[in-house]
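*Asks:* When you get a sec, could you give me coordinates for this:
(2 chains)
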Amino acid sequence: DAGVTQSPTHLIKTRGQQVTLRCSPKSGHDTVSWYQQALGQGPQFIFQYYEEEERQRGNFPDRFSGHQFPNYSSELNVNALLLGDSALYLCASSGRTSGGQTQYFGPGTRLLVL
Amino acid sequence: GQQVMQIPQYQHVQEGEDFTTYCNSSTTLSNIQWYKQRPGGHPVFLIQLVKSGEVKKQKRLTFQFGEAKKNSSLHITATQTTDVGTYFCAGGIDTGNQFYFGTGTSLTVIP
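*Replies:* A predicted model of the protein is given here:
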């Protein structure tokens, strides 16, 4: 049983570019949450997707957008990248099989913006 | 806005000593979760507490949720080198699905 997978593992972009990160949830999970974790800090909630819709959103600008597909996988898109967007981007999945709110995190995508 | 703070930020202990990290929220929480993140790794779910005053144990780990549901603690008895990592609490508001992560406590265990 595969856990949460994310791609790519590492990414280098320049300011102003756009990036798309991908996440496949754990088998049986239908909810995907995205977090941004800056170096030395705790993860910050970006948004959560359920039934292909954004269910809840944290305090992030509209440059951050997402999508969930019918197979429950998800994408995180960031437009007009800023230096401050450099961070580890984590995807977490949850669902009824995990007791509802228990979140399983993927290994993350480490984004560096130059 | 919602804030979840943890103290201490760093803790160095000798192997075999006990360790405690404290989590405090600016608002009342509906539940709280604890995670462990090894260096270079991702957060791994440890436990969720829901009830006021709840205490749960996992082997050498003891988790508490305060009576007012605004604070929580994680206590590790007789630390081992495998306990090294950063411990995060994450507070949930109402029945929503957004969790506010704390600032984390980085634990170093000296053999």
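
*Asks:* neighbouring contacts of stretch A:30-39?
*Replies:* For stretch A:30-39, the surrounding residues in contact (Cβ atoms under 8 Å, 6 or more residues apart in numbering or on different chains) are A:23, A:25, A:43-51, A:55, A:60, A:66, A:68, A:72-74, A:76, A:85-96, A:103, A:105, A:108, B:97, B:101. Every residue, glycine included, has its C-beta placed from N, CA and C.

*Asks:* correct me, but residue A:88 touches residue A:108?
*Replies:* Yes - checked against Cβ atoms under 8 Å, the pair residue A:88 and residue A:108 is within contact range at 4.6 Å.

*Asks:* Neighbour count: these two, which is higher?
*Replies:* residue A:108 (24 against 18; other Cβ atoms under 10 Å in any protein chain shown).

*Asks:* Could you double-check that the more buried one sits in contact with residue A:76?
*Replies:* No - Residue A:108 is beyond contact range of residue A:76, at 11.4 Å (criterion: Cβ under 8 Å).

*Asks:* Find the residues that touch each one of those two.
*Replies:* With Cβ under 8 Å, 6+ apart as the test, residue A:108 and residue A:76 both reach A:89, A:91.

*Asks:* so who does residue B:76 touch?
*Replies:* For residue B:76, the contact set (Cβ under 8 Å, 6+ apart) comprises B:18, B:19, B:20, B:60, B:61, B:62, B:83, B:107.

*Asks:* so how far is chain A from the fifth one?
*Replies:* Think residue B:61. 16 Å (Cβ to the nearest Cβ, to the nearest Å).

*Asks:* For that residue, which non-adjacent residue is closest in space?
*Replies:* In this structure, residue B:61 finds its nearest non-sequential neighbour in residue B:76, 5.6 Å apart by Cβ to Cβ, 6 or more residues apart in numbering or on different chains.

*Asks:* Also the second one?
*Replies:* Once flanking residues are discounted, residue B:19 sits nearest to residue B:76: 4.5 Å by Cβ to Cβ, 6+ apart.
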